[in-house]
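1. sequence and computational prediction follow.
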Amino acid sequence: LVYYLLQQGGMSRIVWQDTTIDIHTGFVLALSVFALYLLYQIMRGVEWLFSFPERLHKKSNEKKQEKGRQALLRGFTAIAAHDQKQARRQARAALKLLGEDDLMTLFLTAMEARLSGDHARAKDLYSILASHPDTAALGLRGLIVTARHIGDKISISDAEKLLPASKTKDSGTQKVLYQLALNDAQWIIALDLLKALHKKDAVANSQYRKDKAALLSAQAMENVDKQARKKLAKAALAIDPAFTPAAILALNTYIENRNYTYAKQLFSKCWQACPHPDLIPIWDQLMPEKYRGKGDKMMHWYETLLEGTKDSVCAHRAIAEKALELKFYGTARTHLRQAEAIRPSKGLYMLYATLEEDELGNEAAAKSWTQKAANAAEDKDWVCQETGRRYKYWAPLAKPHNSFNTIIWAYPDDIHGHNNQNKIGDDLIFLGA
């Protein structure tokens, strides 16, 4: 650029009082560009000099932030490892470096307080987090865990009071509120939250249907109004015809109202969807009065259970048990063999032992079957798929751990626990909980 300017022709005259200077125009232009450049550099230097303290402070803050984040990472790792001493050290370091306004530092400090047994302090810190829009779900979850550790619990109404109004519509927070509603057995509130989560695609459709059927059944179980109970149970069956607890509720209501035709139709639908021994007493109630006292007619009534369920252990076993009761020993043995061919179990072998004693009085054979039963697989039962604990009947909440809708009808040997895939709220990982 300078070379180009120097090549320009012409002369320029500078007059200063009595002094006159004639100078090459290109040189004047080149000198002007140089002067402007020099002025620019001087201004930059002055700016750098005056901003030095600010830049030094910023650099220092960046280092503090980096060290603070490292302390947070190490602190959370310590929490996960239940290293109380290291967690306290890193929480204090993070608090010093990042300050009390940093939400993740508060989260770590709260977790460290809970781990060390300072539940009152942990509760205060989690309450602060719950009241902040960005950490409402974390804070609420922390309050739940802390309460559980001291044998207390937080109601859904208490939780809603803590939360900022804007966060009650947030899917993450709603998942925690959903769990609270379940723990409080607030089935109607829980169903509303479940529907809201489903609309936001925050819950898989299969899980939504499963939980909705369970919530409707839970409401039906507690409803004293027969019509309302029947309506709720039928709504659950419309979602899942194989859900036996709902089937029993609906069928008992039909029988109480003497609607035997509808009861038989519903029984057939539910039985074919899921043959279950809890349905057998209902089938016995539905037996026509003219069949009672007539062994062959009663056996025929029970044998109709095989319609559409010929490969069902439950159907063959129910027929065998009725045959034993009526002393139709040949029929009993036939169906026990068919059930055994499908899946042998303790219960079947114990029925064989009863058959040997009742039909032939053969105690040796009965003892042999009893010994075989001791080493056989368990029969189907109500089992919690999370823990493997067995129950006499289905309930919405599996005690004592209160997991919702985890009691299923299954072979205990097939359940190994910790199988709660897609459970709502599982994505809210809580270190050290």
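-> Nice, I can see it. Residues are numbered from 1 along each chain as shown.

2. now residue 13, what's its secondary structure?
-> strand (DSSP: H, G, I helix; E, B strand; the rest coil).

3. what secondary structure does the closest residue to it other than its chain neighbours sit in?
-> Nearest non-adjacent residue to residue 13, counting by CB to CB, 6 or more residues apart in numbering: residue 22, 5.3 Å away. For glycine as for every other residue, the C-beta is placed from the backbone atoms N, C-alpha and C. Under three-state DSSP, residue 22 falls in the strand class.

4. any idea how far residue 32 is from residue 22?
-> As judged by CB to CB, to the nearest Å, residue 22 and residue 32 stand 17 Å apart.

5. the more surrounded of the two?
-> Counting neighbours by other CB atoms under 10 Å for residue 22 and for residue 32 shows that residue 32 has the greater number, 11 against 8.

6. buried residues, the host helix or strand of residue 207. List them.
-> Secondary structure assignment for residue 207, by DSSP states H and E: helix 205-222. In terms of neighbour count (16 or more other CB atoms under 10 Å), helix 205-222 has its buried residues at 207-208, 210-221.

7. just checking, what packs against it?
-> Contacts defined by 3 or more CB pairs under 8 Å, 6 or more residues apart in numbering; DSSP states H and E place helix 205-222 against helix 187-199, helix 226-239, helix 244-256.

8. pick the most buried one from those.
-> Here the criterion is mean neighbour count by mean count of other CB atoms under 10 Å, and of the helices and strands packed on helix 205-222 the winner is helix 244-256, at a mean of 22.

9. so which elements touch that helix?
-> Packing contacts for helix 244-256, counted by 3+ CB pairs under 8 Å, 6+ apart, involve helix 205-222, helix 226-239, helix 260-273, helix 280-285.

10. about what we covered before: which one among the buried residues of helix 205-222 gets closest to residue 407?
-> Compare each of the buried residues of helix 205-222 with residue 407 using CB to CB and the shortest gap goes to residue 214, at 9.4 Å.

11. how much space between the nearest residue in space to the closest one that is not next to it in sequence and residue 19?
-> Using CB to CB, 6+ apart and skipping residues adjacent in sequence, the residue nearest residue 214 is residue 405, 4.1 Å away. Residue 405 sits at a distance of 101 Å from residue 19 (criterion: CB to CB).

12. who's more crowded, these two?
-> In this comparison of residue 405 against residue 19, neighbours counted by other CB under 10 Å, the higher total goes to residue 405 at 24 against 7.

13. contacting residues around the more buried one?
-> For residue 405, the contact set (CB atoms under 8 Å, 6 or more residues apart in numbering) comprises 210-211, 214, 396.

14. biggest separation within those, which pair?
-> Of all pairs drawn from the contacts of residue 405, the one with the largest separation by CB to CB is 210 and 396; the distance is 12.1 Å.

15. appreciated, that's everything.
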